[in-house]
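Engineer: Return a 3D structure for these sequence lines:
(one chain, ligands or ions: 1)
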Amino acid sequence: MSLRLIKTAAYFDGVSIHRNGPYLIEIHRGYIAAILNGEDIRLRLNVEENDVLETSFLMPGLVDAHVHVFLDGAELNFKARSDYQKSDFENMMATAQSNISKTVKAGITLFRDAGDKFGVNHATRNELLNDNDIPLTIRSPGFGIKKPKRYGGFIARDLVDIRHADTTVGEIARDSNDLKIILTGIIDFKAGEVKGDPQFTLEELSALVDISHAKGMQTFAHCSGLAGLELAVKARVDSIEHGFFMNKEILEKMAEHQIAWVPTFSPVYFQWKHPEYAGWDESTVGNLRKIIDSHYQHVKIAQALGVLLVAGSDAGSYGVDHGRALIDELLHFLAAGLSLEETLTSATSRPRMLWSLPSANIEVGNQIDVVGYKSCPLKKAKNFYLPSFTVKADTFTAHNI
Ligand SMILES: [Zn+2]
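Structural biologist: Numbering: from 1, shown residues only. The predicted model follows:
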């Protein structure tokens, strides 16, 4: 399919919103050749009759910075979830395929997996590399690393001795761009705090970051709670994932050292919204609400301080379904008080820039990598849930029609 022209009433280019359309985007061999406005559109369309794809809003393909492609976030049965971990690789690949199709339907054209110990993420990434019909790219870390007997056994492998770090990180670097570090435990919602001390000491974490950088990898750390956050900042990890129980001092240091933050509202929000599944009592629901409200406040402070906020859903986590969970995340950013431009930047241009990938901004010369909407999300943000098409290089995919 070789789409040549898209006419849109408005578009977000990756930084700013252009509202005074229509605009005509001309595509040549998978790249944006021209962006026309006003009288130029009439002249262009008179010169040559073409099929024109018409839409109300266009923007760069969405990026989800935190996904577990091997997990089905829509599976709410606890036993089914734990049995799944013992199922065979083929079954996991089938789950990943179903997650991929949901992801594409949400207008996501790139995501970063956040770890699985089975390697479904690498296998799925490699399959997509050879598939020109699915407009999606995966950035995959393979398995993450954790301390023995600590949280994260399903997404990471044990680093038994820090003296083996060079070998283990070297093994990961052969096939990955990022090292996923499980730095802390998970949140104990009942107690309203993070379980246990950080898994690594400052010396160990700094060594992991230095070794990763020397091998050309970035680091992203599962990290919540002040003790872990302080370590993550001191060791200069590249991205803090989750970051619950954040404070302003940590954010100031993150801004100073250009450490990204992927706040992943969705898994905690689901626990608050549906306490019946886990059977949370009133006091736990109160804790959940406090954690979420504090997260909203700190995301807003982060934005004001210039912290590199990046949208990531933690899709695959309990109650966090692939694809639409990223849109939930965008709505959380808006609810925190970020502007629409800031919110969309966190899910388009910023992650691509941080990961040193080619820009997908809607500018002449860039490869076409866009998502279009029939019902304009500028009028109603919920319209982000229903994109009507994706165009990535030579692939055109229609959705939700
Ligand atoms: Zn995760």
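Engineer: Give me the neighbour count for the residue in the stretch 201-350 of the chain positioned nearest to the ion.
Structural biologist: Proximity of the stretch 201-350 of the chain to the ion (CB to the ion) peaks at Asp314, 4.5 Å away. Using the backbone N, CA and C atoms, a C-beta is placed for each residue, glycine as well. Residues lying near Asp314 (other CB atoms under 10 Å) number 29.
Engineer: Give me the contact list for the helix or strand hosting Thr219.
Structural biologist: When elements are assigned from DSSP states H and E, Thr219 belongs to strand 218-223. With CB atoms under 8 Å, 6 or more residues apart in numbering as the test, strand 218-223 has contacts from 112, 114, 141, 144, 152, 177-184, 198, 205, 208-209, 212-213, 228-229, 231-232, 237-243, 260, 262, 354-355.
Engineer: residues contacting the residue of the stretch 201-350 of the chain closest to the ion?
Structural biologist: Contacts of Asp314 (CB under 8 Å, 6+ apart): 66-68, 114, 242, 264, 266-267, 320, 325.
Engineer: same check, this time on Lys248
Structural biologist: Contacts of Lys248 (CB under 8 Å, 6+ apart): 298, 301, 305.
Engineer: For the first one, which three-state class applies?
Structural biologist: The reference is to His298. At His298 the chain is in helix, as set by DSSP: H, G, I helix; E, B strand; the rest coil.
Engineer: my guess is Arg139 meets Leu110, correct?
Structural biologist: Yes: using CB atoms under 8 Å, Arg139 is in contact with Leu110, at 7.1 Å.
Engineer: Compare neighbour counts for those two and give me the winner.
Structural biologist: More crowded of Arg139 and Leu110, by other CB under 10 Å: Leu110, with 25 against 20.
Engineer: in the sheet, who's paired with that one?
Structural biologist: According to DSSP bridges, the residues that bridge with Leu110 are Val63, Thr137.
Engineer: same thing with Ile17?
Structural biologist: Under the criterion used (DSSP bridges), Ile17 bridges to Phe12.
Engineer: closest point of the stretch 51-200 of the chain to the ion, which residue?
Structural biologist: As assessed by CB to the ion, the ion sits closest to Ala114 within the stretch 51-200 of the chain, at 4.2 Å.
Engineer: what's the neighbour count on that residue?
Structural biologist: Ala114 has 29 neighbours, counted by other CB under 10 Å.
Engineer: Quick check: pLDDT value at it.
Structural biologist: We note a pLDDT of 98 for Ala114 in this prediction.
Engineer: Can you name the residues that contact it?
Structural biologist: 66-68, 141, 144, 155, 180, 220, 222, 241, 312, 314.
Engineer: 6 Å instead?
Structural biologist: Residues near Ala114 by CB atoms under 6 Å, 6 or more residues apart in numbering: 66, 68, 180.
Engineer: Just among the residues you listed, which is most surrounded?
Structural biologist: Counting neighbours by other CB under 10 Å, His66 leads the contacts of Ala114 with 32 neighbours.
Engineer: Against Ala347, how distant is that one?
Structural biologist: Here the criterion is CB to CB, to the nearest Å. By it, His66 lies 11 Å from Ala347.
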